[in-house]
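Colleague: here is the input, now give the coordinates:
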Amino acid sequence: MQLTLRSLYDKLSQQMGPSGWWPADSKAEIICGAILIQNTNWRNADRAVANLRERTHFDPQKLHQLADEELQALVRPAGFFHNKTRALQAIFSWLAAYEFDYARAAKTFGGNLRKELLKLPGIGQETADVLRVYVFYQATFVSDKYARTLFAHLGAGNFKAYQALARRCHLDEQFTLADAQEFHGLIDEFGKQYLRGHDHFNESFLANDQLLLI
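Modeller: Model (predicted):
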């Protein structure tokens, strides 16, 4: 069966149901999780997230005020703690200029928000798009590794780099913000089930489908 982005989303949704992504209780927690998950697994990232929750309750002002050494100790379980400390300090300092008003920051930069986020240390292409979707409420497609692997299986192309797919994959007006958030979650849940470790794609409900990117 030939799929469009919309029909792929619909099929994933019908087969897998609500994903519940992003799993967090606040936008500050989403920011921390998106940075701490870089180059590690969820188990390690969750340990660091739990440390930050206990210490700050994800109050962005408290996160912003943490001293270097204390923040490094809290995020150490996630690895690369020097870089991740710097990234967390940078984004919460940036947000402080907008009084931690996420809507205000998003409105200030509009379509240029992605470029602004990419100026911050530790914020790469994928993290910027995750933050746009889940924190700043800009509907966009997250072209992460699971998405690129899935699209390759569906014959849409071999997208080795993040931007290679991001340039081709744009959500049209059919996709609401909630759809964009759910799409990323569904793809990642599909990836965990069928694409991680030994690839089981041929056993999945998408095995006989093809994706057409327009």
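Colleague: okay, now the nearest residue to residue 4 once chain neighbours are set aside: neighbour count?
Modeller: In this structure, residue 4 finds its nearest non-sequential neighbour in residue 212, 6.1 Å apart by CB to CB, 6 or more residues apart in numbering. Placement of C-beta: from N, CA and C, glycine included. Per other CB atoms under 10 Å, the neighbour tally for residue 212 reads 13.
Colleague: any idea how far residue 212 lies from residue 100?
Modeller: As judged by CB to CB, to the nearest Å, residue 212 and residue 100 stand 42 Å apart.
Colleague: next one: residue 188
Modeller: Residue 188 is 27 Å from residue 100, by CB to CB.
Colleague: quick one, which of those two is more surrounded?
Modeller: residue 188 (20 against 17).
Colleague: how about the contacts made by the more buried one?
Modeller: 19, 21, 144, 146 (CB atoms under 8 Å, 6 or more residues apart in numbering).
Colleague: so what pLDDT did it get?
Modeller: pLDDT for residue 188: 95.
Colleague: how about it, phi and psi?
Modeller: Backbone torsions of residue 188, given as degrees, to the nearest 10, read phi -70, psi -40.
Colleague: next, name the residue at the spatial heart of this protein.
Modeller: residue 130 (3.2 Å; CA atoms, centre = their mean).
Colleague: not counting its neighbours along the chain, what's nearest that residue?
Modeller: residue 34 (4.8 Å).
Colleague: residues near that neighbour, how many?
Modeller: Residue 34 has 23 nearby residues by other CB under 10 Å.
Colleague: hang on, it packs against residue 129?
Modeller: No - at 9.7 Å, residue 34 does not count as touching residue 129 under the criterion of CB atoms under 8 Å.
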